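Colleague: I'd like to go over a predicted model; first the sequence, then the structure.
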Amino acid sequence: MDGIRGIAQEVMALLLASSCPGCDRVGTLLCDDCRWRLVADPLRTISPGGLDVHAALAYEGVAARCIRRLKEDGATLLARPLGGALRSVLAAQAPAGALVVPVPTGHAAYRRRGYRVPELLVGHAGFTPARMLRAARPTGDQRGLGREERARNVAGSLRAVRSGGGRQVVIVDDVVTTGATLDEAARALRAAGFRPICAVALAATPVRRDTREIQVNG
Ligand SMILES: [Zn+2]
């Protein structure tokens, strides 16, 4: 009994010391208001390479703060609500029998975090991540790079670990910005004989949506 009471007290202390990642409200791991903002509100874009990209959330506000906490601060508890948002889009887009292939995490990021964010999200979305891609070479940090620099940075950086034999795949990443990484994943999978049918991301940056509007209008 003492042991259980001790654990309960520790959990209580942890809860009281925590704050909502979305709004900083204290005494909660994720408040109800912010939880509602993590319900999928899907948006669709097209990558520069012509891949259909479906995102569950816009990368802004509460969603962006929660995703950053998951990616940068080890808040793996957030993989559950965020994985729930991913699930609704993935379930709608992945045909039966298609492999769900997460974009692989670079060695440096994996060493720093101890977990692979896209793979963690796919698992929490109720799908089995198919590790069909590996890094073929290290890449620089994509942050701060423009569209063409990003494409150059990731070109040829991934390879498939086996041949696909025409198998359909859906590629999954956490945040899509320009779509350069998703295009590289699709290229590597096609080269090995897979058939990428679309990509699903947890979130898309608003920049990405603006860019599409410009492309559509112009
Ligand atoms: Zn909150």
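Modeller: Perfect, thanks for sending it. Numbers count the residues shown, from 1 in each chain.

Colleague: Report the buried residues of stretch 60-74.
Modeller: Neighbour counts over stretch 60-74 (16 or more other C-beta atoms under 10 Å) mark 62-67, 69-71 as buried. For the C-beta atoms, the positions are set from N, CA and C on the backbone; glycine is no exception.

Colleague: Could I get the average pLDDT for stretch 68-76?
Modeller: Averaging pLDDT along stretch 68-76 gives 92.

Colleague: how about that stretch, does it reach the ion?
Modeller: No: residues of stretch 68-76 are not located near the ion by C-beta under 5 Å from the ion, the shortest gap being 11.4 Å.

Colleague: residues touching the nearest residue to residue 23 once chain neighbours are set aside, list them.
Modeller: Leaving aside its sequence neighbours, residue 23 sits nearest to residue 34 (C-beta to C-beta, 6 or more residues apart in numbering; 5.6 Å). Counting by C-beta atoms under 8 Å, 6 or more residues apart in numbering, residue 34 touches 20-23, 62, 66.

Colleague: ok, now how distant is the spatially most central residue of the chain from residue 167?
Modeller: Nearest to the mean C-alpha position of the chain, counting by C-alpha atoms, centre = their mean, stands residue 174 at 1.2 Å. Per C-beta to C-beta, to the nearest Å, residue 174 is found 23 Å from residue 167.

Colleague: and if you look at residue 29?
Modeller: Going from residue 29 to residue 167 by C-beta to C-beta gives 39 Å.

Colleague: who has more neighbours, these two?
Modeller: A direct count of neighbours by other C-beta atoms under 10 Å for residue 29 and residue 167 places residue 167 higher, at 18 against 15.

Colleague: Hmm, that one is touching residue 192, no?
Modeller: No: look at residue 167 against residue 192 with C-beta atoms under 8 Å: they stay out of range, at 9.9 Å.

Colleague: tell me the mean pLDDT for stretch 196-204?
Modeller: pLDDT averaged over stretch 196-204 gives 98.

Colleague: cool, and stretch 151-165?
Modeller: Average pLDDT, stretch 151-165: 92.

Colleague: Pull up the distance across it, start to finish.
Modeller: With C-alpha to C-alpha, to the nearest Å as the measure, stretch 151-165 spans 27 Å from end to end.

Colleague: ok, and the closest non-adjacent residue to residue 63?
Modeller: Excluding the flanking residues, the one nearest residue 63 by C-beta to C-beta, 6+ apart is residue 57, at 4.3 Å.

Colleague: how much space between the one you found and residue 144?
Modeller: The gap separating residue 57 from residue 144 is 23 Å, by C-beta to C-beta.
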